[in-house]
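Asks: coords please:
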Amino acid sequence: MTTHAELLLQEYAQLHQLETQGFDNDKVACIQFEQDVEVHCQLNEQEDLISFYTYVSPMEKDVSKEALLLMLQANHFCSLTRGYTLSVSPSSNQVMLHNVMPVPGLITETFSWFIEQLASTTREWRNFLQTPAEETSPAAREEMFNLLRSV
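Replies: As a prediction, the model looks like this:
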(Lines give C-alpha, C1' and ligand atoms only; values in the text may rest on other atoms or scores of the structure.)
Protein backbone atom coordinates (compact mmCIF):
# COMPACT_ATOMS: atom_id res chain seq x y z
CA MET A 1 0.00 0.00 0.00
CA THR A 2 1.29 3.46 -0.90
CA THR A 3 1.61 5.83 2.04
CA HIS A 4 0.94 9.56 2.09
CA ALA A 5 4.68 10.31 2.23
CA GLU A 6 5.35 8.03 -0.75
CA LEU A 7 2.70 9.86 -2.77
CA LEU A 8 4.27 13.22 -1.88
CA LEU A 9 7.70 11.93 -2.91
CA GLN A 10 6.41 10.59 -6.24
CA GLU A 11 4.47 13.79 -6.94
CA TYR A 12 7.51 15.96 -6.19
CA ALA A 13 9.78 13.85 -8.40
CA GLN A 14 7.30 13.92 -11.30
CA LEU A 15 6.65 17.65 -10.98
CA HIS A 16 10.37 18.47 -11.09
CA GLN A 17 11.30 15.65 -13.48
CA LEU A 18 13.66 14.07 -10.97
CA GLU A 19 14.58 10.44 -10.42
CA THR A 20 13.62 8.60 -7.26
CA GLN A 21 13.26 4.91 -6.50
CA GLY A 22 10.75 5.50 -3.74
CA PHE A 23 11.19 4.25 -0.20
CA ASP A 24 13.27 1.08 0.23
CA ASN A 25 12.86 -1.63 2.88
CA ASP A 26 14.59 0.62 5.43
CA LYS A 27 12.05 3.37 4.62
CA VAL A 28 14.71 5.61 3.05
CA ALA A 29 14.32 7.40 -0.28
CA CYS A 30 16.74 9.69 -2.12
CA ILE A 31 16.13 12.49 -4.57
CA GLN A 32 18.98 13.77 -6.70
CA PHE A 33 18.36 17.50 -6.48
CA GLU A 34 20.15 19.21 -9.34
CA GLN A 35 23.63 17.81 -9.98
CA ASP A 36 25.29 18.24 -6.64
CA VAL A 37 22.91 17.53 -3.78
CA GLU A 38 21.16 14.29 -2.85
CA VAL A 39 18.28 14.78 -0.42
CA HIS A 40 17.41 11.77 1.73
CA CYS A 41 13.98 11.21 3.25
CA GLN A 42 13.50 8.58 5.95
CA LEU A 43 10.17 7.46 7.36
CA ASN A 44 9.59 6.50 10.97
CA GLU A 45 6.15 4.94 10.68
CA GLN A 46 5.84 4.11 14.39
CA GLU A 47 6.03 7.80 15.27
CA ASP A 48 4.55 9.08 11.97
CA LEU A 49 7.62 11.25 11.28
CA ILE A 50 9.74 11.95 8.23
CA SER A 51 13.39 13.00 8.40
CA PHE A 52 15.05 15.07 5.70
CA TYR A 53 18.85 15.06 5.53
CA THR A 54 21.81 15.69 3.26
CA TYR A 55 25.53 15.14 3.52
CA VAL A 56 27.35 18.47 3.35
CA SER A 57 31.01 17.44 3.31
CA PRO A 58 33.48 15.02 4.85
CA MET A 59 34.59 16.03 8.34
CA GLU A 60 38.21 16.98 7.88
CA LYS A 61 40.64 16.52 10.74
CA ASP A 62 41.91 20.04 10.22
CA VAL A 63 38.61 21.93 10.35
CA SER A 64 39.36 25.39 11.63
CA LYS A 65 38.19 26.50 15.06
CA GLU A 66 36.38 29.35 13.36
CA ALA A 67 34.39 26.97 11.13
CA LEU A 68 33.43 24.78 14.09
CA LEU A 69 32.43 27.81 16.15
CA LEU A 70 30.32 29.11 13.28
CA MET A 71 28.59 25.72 12.95
CA LEU A 72 27.82 25.62 16.69
CA GLN A 73 26.50 29.17 16.68
CA ALA A 74 24.43 28.50 13.55
CA ASN A 75 22.82 25.50 15.28
CA HIS A 76 22.17 27.42 18.49
CA PHE A 77 20.46 30.34 16.79
CA CYS A 78 19.14 28.39 13.74
CA SER A 79 20.68 31.16 11.69
CA LEU A 80 22.36 30.25 8.44
CA THR A 81 20.79 26.78 8.64
CA ARG A 82 17.19 27.76 7.86
CA GLY A 83 16.03 25.69 10.81
CA TYR A 84 18.01 22.58 9.91
CA THR A 85 20.53 21.10 12.34
CA LEU A 86 24.20 20.62 11.51
CA SER A 87 25.73 17.45 12.92
CA VAL A 88 28.31 14.80 12.12
CA SER A 89 27.12 11.41 10.94
CA PRO A 90 28.70 8.73 13.14
CA SER A 91 28.57 6.15 10.35
CA SER A 92 30.20 8.22 7.61
CA ASN A 93 32.06 10.99 9.49
CA GLN A 94 30.41 13.62 7.30
CA VAL A 95 28.83 16.93 8.23
CA MET A 96 25.11 16.68 7.61
CA LEU A 97 22.05 18.91 7.74
CA HIS A 98 18.78 17.40 8.94
CA ASN A 99 15.31 18.06 10.26
CA VAL A 100 12.29 15.99 11.29
CA MET A 101 8.63 16.76 10.81
CA PRO A 102 5.31 14.97 11.33
CA VAL A 103 3.78 13.22 8.32
CA PRO A 104 0.10 13.89 9.18
CA GLY A 105 -0.95 17.14 7.59
CA LEU A 106 2.13 17.29 5.35
CA ILE A 107 1.12 18.79 2.01
CA THR A 108 2.85 19.00 -1.36
CA GLU A 109 3.93 22.62 -0.91
CA THR A 110 5.50 21.97 2.50
CA PHE A 111 7.24 18.82 1.28
CA SER A 112 8.64 20.72 -1.72
CA TRP A 113 9.72 23.66 0.43
CA PHE A 114 11.61 21.41 2.87
CA ILE A 115 13.49 19.64 0.08
CA GLU A 116 14.38 22.86 -1.76
CA GLN A 117 15.47 24.71 1.38
CA LEU A 118 17.59 21.76 2.48
CA ALA A 119 19.28 21.53 -0.93
CA SER A 120 19.98 25.26 -0.99
CA THR A 121 21.30 25.35 2.59
CA THR A 122 23.47 22.30 1.89
CA ARG A 123 25.02 24.04 -1.09
CA GLU A 124 25.75 27.18 0.98
CA TRP A 125 27.41 25.20 3.81
CA ARG A 126 29.32 23.05 1.34
CA ASN A 127 30.75 26.18 -0.25
CA PHE A 128 31.65 27.66 3.13
CA LEU A 129 33.31 24.51 4.49
CA GLN A 130 35.20 23.76 1.29
CA THR A 131 36.60 27.26 0.82
CA PRO A 132 40.05 27.38 2.40
CA ALA A 133 40.38 30.05 5.08
CA GLU A 134 43.19 31.72 3.17
CA GLU A 135 40.83 32.28 0.21
CA THR A 136 38.19 33.94 2.37
CA SER A 137 38.82 37.53 3.19
CA PRO A 138 39.13 38.32 6.90
CA ALA A 139 36.43 40.96 6.46
CA ALA A 140 33.97 38.39 5.05
CA ARG A 141 34.62 35.96 7.92
CA GLU A 142 34.31 38.75 10.48
CA GLU A 143 31.02 39.83 8.89
CA MET A 144 29.68 36.27 9.20
CA PHE A 145 30.65 36.03 12.88
CA ASN A 146 29.17 39.46 13.62
CA LEU A 147 25.92 38.40 11.97
CA LEU A 148 25.73 35.37 14.26
CA ARG A 149 26.52 37.37 17.37
CA SER A 150 23.79 39.87 16.55
CA VAL A 151 21.05 37.23 16.31
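Asks: use CA for all of it now, contacts and neighbours both
Replies: Will do.
Asks: list the contacts of the most centrally placed residue in the chain.
Replies: The residue lying closest to the centre of the chain (C-alpha atoms, centre = their mean) is residue 97, at 3.6 Å. By C-alpha atoms under 8 Å, 6 or more residues apart in numbering, residue 97 lies in contact with 53-56, 84-87, 118, 122.
Asks: now those: which count as buried?
Replies: Buried members of the contacts of residue 97, counted by 16 or more other C-alpha atoms under 10 Å: 53-56, 84-87, 118, 122.
Asks: where does confidence bottom out across those residues?
Replies: Minimum pLDDT for these is recorded at residue 87 (82).
Asks: residue 20 belongs to a helix?
Replies: No: assigned with DSSP: H, G, I helix; E, B strand; the rest coil, residue 20 falls outside any helix and is coil.
Asks: nearest residue to it other than its sequence neighbours?
Replies: In space, not counting the residues next to it along the chain, residue 20 is nearest to residue 31; the distance is 5.4 Å by C-alpha to C-alpha, 6 or more residues apart in numbering.
Asks: mind listing the helices for this structure?
Replies: Under the criterion DSSP state H, helices of the chain are mapped to 4-15, 65-77, 108-130, 138-150.
Asks: can I get these in a markdown table including distance to residue 48?
Replies: Below are those laid out as a markdown table (distance: least, C-alpha to C-alpha, whole Å):
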| stretch | distance to residue 48 |
| --- | --- |
| helix 4-15 | 10 |
| helix 65-77 | 25 |
| helix 108-130 | 15 |
| helix 138-150 | 34 |
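Asks: between the ones you listed, which gets the lowest average pLDDT?
Replies: Across the helices of the chain, the lowest-scoring stretch is helix 138-150, with a mean of 62.
Asks: residues contacting residue 48?
Replies: By C-alpha under 8 Å, 6+ apart, the neighbours of residue 48 are 102-104.
Asks: ok, those vs residue 67, which is closest?
Replies: Ranked by distance to residue 67 (C-alpha to C-alpha), the contacts of residue 48 are led by residue 102 at 31.5 Å.
Asks: what's the distance between the closest one and residue 112?
Replies: Residue 102 sits 15 Å away from residue 112, going by C-alpha to C-alpha, to the nearest Å.
Asks: who's more crowded, these two?
Replies: residue 112 (18 against 13; other C-alpha atoms under 10 Å).
Asks: would you mind confirming that the more buried one is in contact with residue 12?
Replies: Yes: shown here, residue 112 and residue 12 form a contact pair, counting by C-alpha atoms under 8 Å, at 6.6 Å.
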